[in-house]
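Visitor: Whatever this is, show me its structure:
(one chain, ligands or ions: 1)
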Amino acid sequence: MPDSKTSSISTNGLTIGYKSKAVAGNINFSCDSGELCAIIGVNGIGKSTLLRTLGNLQPKLYGSISINNQDLSTYSSGDLAKKLSVVLTEQPSSKNLTVEELIALGRQPYTNWIGTLTSKDKIYIQESLTAFLLKELRHRKCHELSDGQLQRVLIARAMAQDTPLILLDEPTTHLDLYHKVQILKLLQSLTHNEGKTIIFTTHEIDLAIQLCDKILILDGEQNPFGEPCQLIENEHFERLFPEEMVVFDPKTGAFKVSK
Ligand SMILES: Nc1ncnc2c1ncn2[C@@H]1O[C@H](COP(=O)(O)OP(=O)(O)OP(=O)(O)O)[C@@H](O)[C@H]1O
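Guide: Below you'll find the predicted structure:
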């Protein structure tokens, strides 16, 4: 696999937050090519803030973020657009586009100033439509899609952008179990079959344990990071929620309501 097609991301002593306050510190993790990584933690702990900081959409407070061992802040915006794509909850403005038009926006980092699509760009768009089962919906306006369909379109746009690193904020929110698994399996196949590096935030801890290669637990203190089985062995999931409400069963890798 050529180097330009692979990507690693790592943080060292990272503190994230806003001018008014630091949200989380002591964030240390690294994710390599071919790895699917989830960021989990309780409401308000800083998952979305971390994802936006990794995606260069908001400044870090302290510490460092490196992509391919190069500091994130030293990349030009053009170079970064070819390295990483960020999938956030979509703004209503782009929902007036058709599925195909929205996916075509993924090719912007490669097109000329008037956005002319080359035959190579068109191939990427068609491949993304096919991979995400969207061919029949290609002419549908995005505001006419279900949440699950729109989520697939947004990930397909990131695939068309063809970046080695993809960051997604809660890609499975509002989806039923079948469609949550469908989206996460698509992400897993992009990492394992195409060597992408994918990081996403989620509240689906059980599914993350089953499907991810690595998990970062934002807990406001140690922020443990590692393979799901290591985190289970070290009892990190037990400490995530107050045990009078929910307990973690290490045998099944799932949470249960406390009796
Ligand atoms: N623009 C902002 N300015 C200041 N504080 C903010 C801003 N956006 C979010 N916060 C605060 O930062 C903290 C972390 O928020 P964030 O959205 O990153 O958490 P989260 O873990 O993604 O939460 P959830 O699971 O509820 O989506 C919260 O206390 C939130 O109130």
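
Visitor: Let me see the domain layout of this protein.
Guide: As recorded under automatic domain parsing, the domains making up the chain are 1-83+165-259, 91-162.

Visitor: Take the ones you listed and write them to a markdown table, including mean pLDDT, distance to the ligand and mean neighbour count.
Guide: In this view, the C-beta of every residue, glycine as well, is placed from N, C-alpha and C. Converted to a markdown table, the domains of the chain look like this (pLDDT from 0 to 100; distance: least, CB to the nearest ligand atom, whole Å; neighbours: other CB atoms under 10 Å):
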| stretch | mean pLDDT | distance to the ligand | mean neighbour count |
| --- | --- | --- | --- |
| domain 1-83+165-259 | 91 | 3 | 17 |
| domain 91-162 | 87 | 16 | 17 |
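
Visitor: pretty sure residue 183 contacts residue 170?
Guide: No. Between residue 183 and residue 170 there is no contact under CB atoms under 8 Å: 10.6 Å.

Visitor: what sits against residue 232?
Guide: The contact partners of residue 232, taken as CB atoms under 8 Å, 6 or more residues apart in numbering, are 209, 250, 253.

Visitor: Same question for it, what's its three-state structure.
Guide: Following DSSP: H, G, I helix; E, B strand; the rest coil, the label given to residue 232 is helix.

Visitor: Begin at 812, not 1, for the rest of this chat.
Guide: That works, and once the first residue is 812, the last one we named lands at residue 1043.

Visitor: From residue 1016, how far off is it?
Guide: 11 Å (CB to CB, to the nearest Å).

Visitor: How about residue 962?
Guide: Computed as CB to CB, the residue 962 to residue 1016 distance reads 19 Å.

Visitor: Helix or strand for the nearest residue to residue 866 once chain neighbours are set aside, just tell me which one.
Guide: If the residues on either side of it in the chain are set aside, residue 866 comes closest to residue 897, at 3.8 Å by CB to CB, 6 or more residues apart in numbering. When elements are assigned from DSSP states H and E, residue 897 belongs to strand 895-898.

Visitor: Just the CA trace of the helix or strand following that strand, in PDB.
Guide: As assigned by DSSP H and E, the chain's next helix or strand after strand 895-898 is helix 910-915. Output in PDB follows, covering the C-alpha atoms of helix 910-915 (Å, rounded to 0.1, in the frame of the first residue of the first chain):
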ATOM      1  CA  VAL A 910     -27.400  12.300  -2.900                       C
ATOM      2  CA  GLU A 911     -25.100  12.300  -5.900                       C
ATOM      3  CA  GLU A 912     -24.400  16.100  -5.600                       C
ATOM      4  CA  LEU A 913     -23.600  15.800  -1.900                       C
ATOM      5  CA  ILE A 914     -21.200  12.900  -2.500                       C
ATOM      6  CA  ALA A 915     -19.600  14.800  -5.400                       C
END
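
Visitor: which residues touch the helix or strand following helix 910-915?
Guide: The C-terminal neighbour of helix 910-915 among helices and strands, as given by DSSP H and E, is helix 930-942. Here helix 930-942 makes contact (CB under 8 Å, 6+ apart) with 910-911, 914-915, 917-918, 921-922, 928, 945-946, 949, 967-968, 970-971, 973, 997.

Visitor: Thanks a lot, catch you later.
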